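Chemist: Would you be able to build a 3D model of this:
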Amino acid sequence: MVKKKVIVIGGGIVGLSTAYYLQKEGHEVTVIDKGEIGSGASHINAGYLTPSHIVPMAAPGMISKGIRWMFNASSPFYIQPRLNLDLIRWGLKFMKSCTSSHVLKSMRSILDINLLSKKLYLEMQQSKFLKFHLESKGLLMAYKTSKAEREEAKVVNWAKDLGINVKQFSKDEILKIQPESPMDVAGAFWYESDAHSTPELFMKNLFKYLKLKGVKFNINDEVNSFKKEGKFIKSIKTKKQVFKADEFVIATGAWSERILKNLGIYLSIQAGKGYSFNLNKSTGISIPAILLEAKVAVTPMKGYTRFGGTMEISGINKKINLNRVNAIAKAGEEYYSNISIPKNIFSKAQSGLRPLSHDGLPFIGRHRKVDNLVLATGHSMMGWSLGPATGKLVTELISDKTSSLDLNSFNPER
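Modeler: Got it, this is the predicted structure:
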């Protein structure tokens with residue numbers, strides 16, 4: 001195998017995972033990021049590894065729900081109305097993808113890449129060189145109403161058909177497995193396949209490990225332009241310097257659409273803002289849960305419990321909407337009988353931007369317009385879960401190895 005010089009643009013979970021597998025193959029790797037390694041969606045997410053999340057965001061019912069939620073300032077979903085051609089194009093493609101046939105066609109691909117990624121996370125955890133928090137306790141999909149129960153039951157049936165182990169628990173059964181934090185719910189579906197982690201701890205230790213392994217980092221530096229000869233990128237120019245390489249990887253998340261336009265590549269990606277905050281006091285919560293009606297994720301992490309949620313499509317910005325933060329806190333108190341979330345925690349709430357593809361599946365692979373470029377973006381709400389698998393798949397492409405998965409579903413030109 002030919003050893004190559006590779007530039008990875010983007011220092012989130014996908015970018016660092018790509019650097020991890022590239023350096024294992026012996027490639028010379030440089031990671032470029034416009035900010036610090038330690039910011040962004042990769043550090044404030046729910047930390048889930050989600051083989052259970054087999055249904056893409058683009059699914060039947062999303063349009064009607066979205067329209068209904070748009071007029072509620074504290075709803076789980078919001079699109080800021082604005083005259084933006086990229087948003088309009090994305091919206092039209094999204095609506096076209098919200099079909100039953102799309103869901104059924106996508107589920108196996110989503111499951112396979114999630115299972116690969118979980119396997120890779122576990123391999124990393126077993127390595128004596130990379131220490132981080134990861135627990136395989138499954139995921140509770142908790143509901144208060146029969147409507148939410150029925151909606152999730154449809155997903156459960158699909159999941160069981162694909163071989164995922166799911167159990168339904170009553171309120172009393174939930175109390176038995178999590179006695180220190182009673183839940184005020186009617187019941188929950190428990191997906192045994194899932195796991196959870198502490199994102200900041202993983203990213204910090206992976207960053208440290210990669211530097212020890214010789215991966216170079218160019219941070220607080222933004223890519224300004226590409227120099228091409230024919231269908232090859234010869235170099236990139238940042239604010240600080242010029243970089244030459246054999247291969248380039250775009251792992252820039254919500255910023256990918258902007259960057260790729262410089263190469264004449266037009267993906268359809270919108271930034272989907274999510275919020276989270278941490279409760280440092282002991283909560284007694286030991287099993288991760290999604291509070292179905294509120295669309296809120298709750299994760300017991302190393303040293304704190306994280307509450308997160310919402311999907312706000314309002315462009316690339318990190319403004320905090322306190323109404324949405326308050327809705328997350330309110331849901332936490334309504335679903336957990338012994339939880340009280342102080343208002344002063346709102347000032348510590350953070351936001352991150354998920355890269356939403358038009359159909360809910362990531363873009364992983366090469367594009368015919370540039371021969372020495374690999375795309376690794378558009379992971380929607382599964383970026384954390386799919387980071388290692390994406391890094392592995394990108395490395396296989398660059399190393400001219402047989403791919404671990406069929407990449408047709410993730411083709412950037414679909």
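Chemist: Are we agreed that residue 81 is in a strand?
Modeler: No. Secondary structure assignment (DSSP: H, G, I helix; E, B strand; the rest coil) places residue 81 in coil, not in a strand.
Chemist: Report pLDDT for it.
Modeler: Residue-level confidence at residue 81 comes out at 83, pLDDT.
Chemist: so who does it touch?
Modeler: Residue 81 makes contact with no residue under the criterion CB atoms under 8 Å, 6 or more residues apart in numbering. Every C-beta, even on glycine, is put in place using the N, C-alpha and C of the backbone.
Chemist: How about the contacts made by residue 76?
Modeler: Going by CB under 8 Å, 6+ apart, residue 76 touches 69, 294-296, 309-311, 327.
Chemist: If you could redo that for residue 25, that was the one I meant.
Modeler: For residue 25, the contact set (CB under 8 Å, 6+ apart) comprises 1, 3, 395, 399.
Chemist: and which of those is nearest residue 166?
Modeler: Ranked by distance to residue 166 (CB to CB), the contacts of residue 25 are led by residue 395 at 32.6 Å.
Chemist: Mind jotting down where the strands sit in the stretch 151-300 of the chain?
Modeler: Per DSSP state E, counting those that start in this stretch, the stretch 151-300 of the chain carries strands over the ranges 166-170, 187-191, 195-197, 216-218, 223-229, 232-238, 242-244, 247-250, 269-279, 289-291, 296-301.
Chemist: can you put those in JSON lines and add mean neighbour count and distance to residue 58?
Modeler: Compiled in JSON lines, the strands of the stretch 151-300 of the chain are given as follows (neighbours: other CB atoms under 10 Å; distance: least, CB to CB, whole Å):
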{"stretch": "strand 166-170", "mean neighbour count": "15", "distance to residue 58": "23"}
{"stretch": "strand 187-191", "mean neighbour count": "24", "distance to residue 58": "21"}
{"stretch": "strand 195-197", "mean neighbour count": "23", "distance to residue 58": "25"}
{"stretch": "strand 216-218", "mean neighbour count": "16", "distance to residue 58": "35"}
{"stretch": "strand 223-229", "mean neighbour count": "15", "distance to residue 58": "29"}
{"stretch": "strand 232-238", "mean neighbour count": "16", "distance to residue 58": "31"}
{"stretch": "strand 242-244", "mean neighbour count": "14", "distance to residue 58": "36"}
{"stretch": "strand 247-250", "mean neighbour count": "26", "distance to residue 58": "22"}
{"stretch": "strand 269-279", "mean neighbour count": "23", "distance to residue 58": "12"}
{"stretch": "strand 289-291", "mean neighbour count": "26", "distance to residue 58": "19"}
{"stretch": "strand 296-301", "mean neighbour count": "24", "distance to residue 58": "20"}
